[in-house]
Each structure stands twice: as structure tokens, then as C-alpha cells.
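1. Need the 3D shape of this:
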Amino acid sequence: MQKLPLGIRTFEDIRSNDYLYVDKTEVICNMVSSGKVYFLSRPRRFGKSLLVSTLESLFTGRKELFGCLLKTYGKYSGEQFVDSLRRTMEAQ
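-> Next comes the predicted model:
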């Protein structure tokens, strides 16, 4: 049984130490690909830091942390997906 990530705020810690992680990469990919601006208004302890940490890992190319998560979503996987997102962001 996987450990619950109580008090863990970084995507790297969760993925590296085999904590339970609810895969939200599809939502994150859709959010980033849409090109809209988002205001993250959520109560305390609702994962804002984890979301930002996940985005940081995605955009810095830490594909080893994602393992099979990115491979299951969209037409891109791994490095191709990160490169596509970078090009999208640079074009805006």
C-alpha cells in the first residue's frame, strides 16, 4: 500500500518516494495547452504548491518523474510533449 503524501508539497518528492499520487496530468496538459490565463484561488492545503511544482517539473523537462503519466495522454509523450508546450508558450 502506498503512503499518503501528507505535508508533501513537491511533485518530485511524491513521485520519487512512491507516495500515492492522483494523476491529474491530463487536466494540467489541457490547462496549459488552452493558452488561457488561470487564477488559482483555492483554500489553504488544497494543492496549489503541488500544482506549481508539477508544472515546474513539466517545463524543466523532468520526464523521469512522470514515468507513464504523460505517455497515456494526448498525441505527445515525454520530450516531444515538453517541447510542444515550450513552443506554445513562446508563441504567446
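
2. The residue nearest the centre of the chain: which element?
-> The centroid of the chain falls nearest to Thr54 when counting by CA atoms, centre = their mean (3.5 Å). Taking DSSP states H and E as the criterion, Thr54 maps to helix 48-59.

3. so who does Tyr38 touch?
-> Residues near Tyr38 by CB atoms under 8 Å, 6 or more residues apart in numbering: Met31. For every residue, glycine as well, the C-beta is placed using N, CA and C.

4. next one: phi and psi at it?
-> phi -120, psi 140 (degrees, to the nearest 10).

5. mind checking how far it is from Ser84?
-> Going from Tyr38 to Ser84 by CB to CB, to the nearest Å gives 19 Å.

6. Run through the chain and note the low-pLDDT ranges.
-> The chain contains residues with pLDDT under 70 at 70-82, 85, 88-89, 92.

7. what's near enough to touch the closest residue to the residue nearest to the centre of the chain other than its chain neighbours?
-> Distance criterion CB to CB, 6 or more residues apart in numbering; nearest residue to Thr54, sequence neighbours excluded, is Phe11 at 4.3 Å. By CB under 8 Å, 6+ apart, the residues touching Phe11 are Leu50, Ser53, Thr54, Glu56, Ser57, Leu65.

8. ditto for Phe66
-> Counting by CB under 8 Å, 6+ apart, Phe66 makes contact with Arg15, Thr25, Ser57, Leu58, Gly78.

9. 7 Å instead, please
-> With contact taken as CB atoms under 7 Å, 6 or more residues apart in numbering, Phe66 is in contact with Thr25.

10. Distance of it relative to Ser16?
-> Separation of Phe66 from Ser16 (CB to CB) stands at 12 Å.

11. Measure how buried Ile14 is and give me the count.
-> Other residues lying near Ile14 total 20 when counted by other CB atoms under 10 Å.
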